[in-house]
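Visitor: curious how this folds, go ahead:
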Amino acid sequence: MADGGDMDEEAMRAFFPLSFGKITARPSSAVSSAHSSTLRKPQNPSNPNPSTSAAADDDGGAMIGPPRPPPAAPAGDDDDEEEGGGMIGPPRPPPLSTHGEGEDDEGGGMIGPPRPPPAEEDEEEEEEEDDMEDDGDGGFNRIPLSNEIVLRGHTKVVSALAVDHTGSRVLSGSYDYTVRMYDFQGMNSKLQSFRQLEPFEGHQVRSLSWSPTSDRFLCVTGSAQAKIYDRDGLTLGEFVKGDMYIRDLKNTKGHISGLTGGEWNPKSKETILTSSEDGSIRLWDVSDFKSQKQVIKPKLVRPMRIPVTSCAWDHEGKRIVGGIGDGSIQLWTVKTGWGSRPDIHVEKTHTEDITGVKFSTDGQILLSRSMDSTLKIWDLRRMKTPLKVFEDLPNHYAETNAAFSPDEQLIFTGTSIEKDGDNGGLLCFFDRKKLELVSRVGISPHYSVIRCLWHPRINQVFATVGDKKEGGTHILYDPSISQRGALVCVGRAPRKKSVDDFEVQPVIHNPHALPLFRDQPSRKRQREKILKDPLKSHKPEAPVNGPGYGGRVGTSKGSLLTQYLLKEGGLIKDTWMDEDPREAILKYADAAEKDPKFIAPAYSQTQPKPVFAESDSDNEEK
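Guide: Here you go, the predicted structure:
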């Protein structure tokens, strides 16, 4: 029966293609060639720590793949067998029973007495030593730097960056007023965004933040209103704007000036935080866009409005830190009945605007990045003086931040390009325990580095760059230690055109080639003729200069009934137009003098006698 079943199965398989039921994996050669095209070029910045560079590759990147194999065994060993040739010489004697299994795998013959079996305590000590090495000098070797891709599309510097918690969707905001959305699962090697948004026309994008569940994201621009979008880029709502004529900021319903930063609460999907140039920090409820939960006014020496340049939540969503425009750092604890009075207030931390603040996961370290070209490390238990100040880190953008590595053993930040400087945009990595510079990684020779991020799940480093003409997001990864993310889309070639694809070929018509689009004959003479006709040109009526003469009214004698009756009654005479008006008045002078009426008798004694000038018509005639 078994033989009959096998024959039936083979007969059934004859009807299916040979590849039926088999997983067709992409050839590794294609993937490797795709990654070889994204290899990073050697960068100019040197590694300041030579001890760590000894373990790195020659091209300046991190160590890739497993450690190098031990030295090869003498000729005539396993190499000949692996290559398929016959064994040369006498056969190898069987291994002794005292040999361990590890010696045979290494391929070399053991010289001297056998090695004692490793004890369990030795293995534990070796693991602890490896962990210590990883936590210490080996940190630089874990940075994924071997390969790089660039997400392009923006026309100005990229000032905002957000990657969701799964590492599959990337948001980038720019000074060109737009937000671009990238999806690693849907992109191919062309690395094009699938959606472009313009939150507020004419306002720069300053901050982006995903919700804890990655179903929505917050967009903060230079306007006074923050916006909430869903995962696909559809607008869910915008927060209300306050009344700028109310002096007390606690009485306004929202911000009255441009926003400087914002962040979603990492533990609460209904609470967000925003900071503004109006000098306030506000907490909002995402479910109600018309009301705010809390208004925080920083502590100031004098009552005035000083902008809050940056803000951030801690890892648990219970503390808020803000960088104030007067150079101070203030920290508040979110609790019942709390107000605007800060729990921690450190004055004069920086000499210029603070562009970024960041809590560590354990809540003990605070990073502050400023436009005074410094990065300061603070211990939250002793905030009077910083633990370390890293200088010579030029910063010309108000959105430059500092971040931690996934294990928080490294701290890194970006630098801006200076006019007289030789270095381009860099990512500077520092050791958290030793508080020293580990490495400088060149990102772009011509553009400044603004936002940076190291995603823990996909183990890839993001850095945004740009200037006034172009902007992009650089993604650094290593095929051996990184997962998904850029690895998914780099090896995916664009879809090939099929025979069934239909493209509409545009038909171009020359406007002067077809009779339909030719210019009409000139009608200048016709328009001039129409202008002369008062009816067709709708010419307004001319004013009447006399009693029925000079205009359209009464141009012909007796054209109106009233004029006809007055003329027949003798009231209108044709001689009126030819008569001198002075003589017409003076002919009544004698009658007025002999028989004065009305007003003239009252002024007869006081009124001077009128003397009329003689007519000059005779003199003119002579």
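Visitor: so residue 443 is in which element?
Guide: strand 436-444 (DSSP states H and E).
Visitor: what's residue 337 sitting at in phi/psi?
Guide: Main-chain dihedrals, residue 337, degrees, to the nearest 10: phi 80, psi 20.
Visitor: could you do residue 310 as well?
Guide: Backbone geometry at residue 310, expressed as degrees, to the nearest 10, gives phi -160, psi 160.
Visitor: next, the buried residues of stretch 389-406.
Guide: Buried residues in stretch 389-406, counting neighbours by 16 or more other C-beta atoms under 10 Å, are found at 390, 393-395, 397-405. (Each C-beta comes from the backbone N, C-alpha and C, glycine too.)
Visitor: redo these as a markdown table? Include distance to residue 150 and pLDDT.
Guide: Converted to a markdown table, these look like this (distance: C-beta to C-beta, whole Å; pLDDT from 0 to 100):
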| residue | distance to residue 150 | pLDDT |
| --- | --- | --- |
| 390 | 27 | 94 |
| 393 | 23 | 93 |
| 394 | 22 | 92 |
| 395 | 22 | 93 |
| 397 | 19 | 93 |
| 398 | 23 | 92 |
| 399 | 19 | 92 |
| 400 | 19 | 93 |
| 401 | 20 | 94 |
| 402 | 22 | 94 |
| 403 | 19 | 94 |
| 404 | 24 | 93 |
| 405 | 22 | 92 |
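Visitor: who touches the host helix or strand of residue 173?
Guide: Under the criterion of DSSP H and E, residue 173 resides in strand 169-174. For strand 169-174, the external contacting residues (C-beta atoms under 8 Å, 6 or more residues apart in numbering) are 151, 154-164, 179-184, 204-208, 210, 214, 217, 219, 221, 231, 462, 464, 466, 471, 473.
Visitor: ok, how many other residues are close to residue 372?
Guide: Residues within reach of residue 372, counting by other C-beta atoms under 10 Å, total 18.
Visitor: repeat for residue 212
Guide: Residues within reach of residue 212, counting by other C-beta under 10 Å, total 15.
Visitor: surely it and residue 271 touch.
Guide: No: taking contacts as C-beta atoms under 8 Å, residue 212 lies outside contact range of residue 271: 10.1 Å.
Visitor: low-confidence regions, the stretch 51-200 of the chain specifically.
Guide: Scanning the stretch 51-200 of the chain for pLDDT under 70 picks out the ranges 51-141.
Visitor: in the protein, mark out all the helices, start to finish.
Guide: Along the chain, counting by DSSP state H, helices occupy 2-13, 28-36, 50-53, 78-82, 101-106, 120-135, 486-490, 524-532, 561-568, 581-586, 589-594, 617-621.
Visitor: can you count the residues close to residue 452?
Guide: When neighbours are defined as other C-beta under 10 Å, residue 452 has 22 of them.
Visitor: how close does it sit to residue 399?
Guide: Distance, residue 452 to residue 399, by C-beta to C-beta, to the nearest Å: 11 Å.
Visitor: residue 333 now?
Guide: 26 Å.
Visitor: try residue 529
Guide: Using C-beta to C-beta, residue 529 is found at 68 Å from residue 399.
Visitor: where does the chain have its least confident helix or strand?
Guide: None of the helices or strands of the chain scores lower by mean pLDDT, DSSP states H and E than helix 50-53, at a mean of 40.
Visitor: quick one on the thing from earlier: would you point out the most distant pair within the buried residues of stretch 389-406?
Guide: With C-beta to C-beta as the measure, no two of the buried residues of stretch 389-406 lie farther apart than 398 and 405, at 24.5 Å.
Visitor: how many neighbours does residue 203 have?
Guide: Residues lying near residue 203 (other C-beta under 10 Å) number 18.
Visitor: and what of residue 179?
Guide: So residue 179, with other C-beta under 10 Å, has 26 neighbours.
Visitor: please name the nearest non-neighbouring residue to it.
Guide: In space, and not counting its chain neighbours, residue 179 is closest to residue 197: 4.4 Å by C-beta to C-beta, 6 or more residues apart in numbering.
Visitor: am I right that that neighbour is in contact with residue 176?
Guide: No: using C-beta under 8 Å, residue 197 is not in contact with residue 176, being 11.7 Å away.
Visitor: and residue 450, how close does it get to residue 163?
Guide: 15 Å.
Visitor: and the two? which has more neighbours close in?
Guide: Taking other C-beta under 10 Å, residue 450 and residue 163 do not tie; residue 450 has more neighbours (29 against 26).
Visitor: give the contact list for the more buried one.
Guide: 157-159, 397, 399-401, 414, 416, 464-466.
Visitor: please apply the same query to residue 506.
Guide: Residues near residue 506 by C-beta under 8 Å, 6+ apart: none.
Visitor: also residue 177?
Guide: Residues near residue 177 by C-beta under 8 Å, 6+ apart: 198-205, 221.
Visitor: mind running it again at 6 Å?
Guide: The contact partners of residue 177, by C-beta atoms under 6 Å, 6 or more residues apart in numbering, come to residue 198.
Visitor: name the nearest residue to residue 305, sequence neighbours excluded.
Guide: Leaving aside its chain neighbours, residue 305 sits nearest to residue 279 (4.1 Å; criterion: C-beta to C-beta, 6+ apart).
Visitor: give me the neighbour count for the one you found.
Guide: If you count neighbours by other C-beta under 10 Å, residue 279 ends up with 20.
Visitor: what are the phi and psi angles of it?
Guide: Main-chain dihedrals, residue 279, degrees, to the nearest 10: phi 90, psi 30.
Visitor: and it, how far from residue 322?
Guide: 10 Å.
Visitor: ok, residue 219 next?
Guide: In terms of C-beta to C-beta, residue 219 sits 20 Å off from residue 322.
Visitor: next one: residue 396
Guide: Using C-beta to C-beta, residue 396 is found at 22 Å from residue 322.
Visitor: low-confidence ranges, this structure, go.
Guide: In the chain, residues with pLDDT under 70: 1-31, 42-141, 509-514, 516-519, 542-561, 563-578, 612, 614-622.
Visitor: can you show me the strands along the stretch 151-300 of the chain?
Guide: 158-163, 169-174, 179-183, 195-197, 205-210, 216-221, 227-230, 235-238, 259-264, 271-276, 281-285, 292-296 (DSSP state E, counting those that start in this stretch).
Visitor: again with the stretch 351-500 of the chain
Guide: For the stretch 351-500 of the chain, applying DSSP E, counting those that start in this stretch gives strands covering 354-359, 365-370, 375-379, 388-390, 402-404, 410-414, 425-431, 436-444, 448-455, 460-466, 471-477.
Visitor: adding distance to residue 241, write those out as TSV.
Guide: Formatted as TSV, the entries for the strands of the stretch 351-500 of the chain read as follows, by distance: least, C-beta to C-beta, whole Å:
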stretch	distance to residue 241
strand 354-359	25
strand 365-370	29
strand 375-379	34
strand 388-390	39
strand 402-404	31
strand 410-414	32
strand 425-431	36
strand 436-444	37
strand 448-455	26
strand 460-466	28
strand 471-477	28
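Visitor: out of these, which gets nearest to residue 604?
Guide: When those are compared by C-beta to C-beta, strand 354-359 sits nearest residue 604, at 97.0 Å.
Visitor: counting by contacts, list what the closest one packs against.
Guide: When contacts are defined as 3 or more C-beta pairs under 6 Å, 6 or more residues apart in numbering; DSSP states H and E, strand 354-359 packs onto strand 308-313, strand 319-324, strand 365-370.
Visitor: alright, that wraps it up for me.
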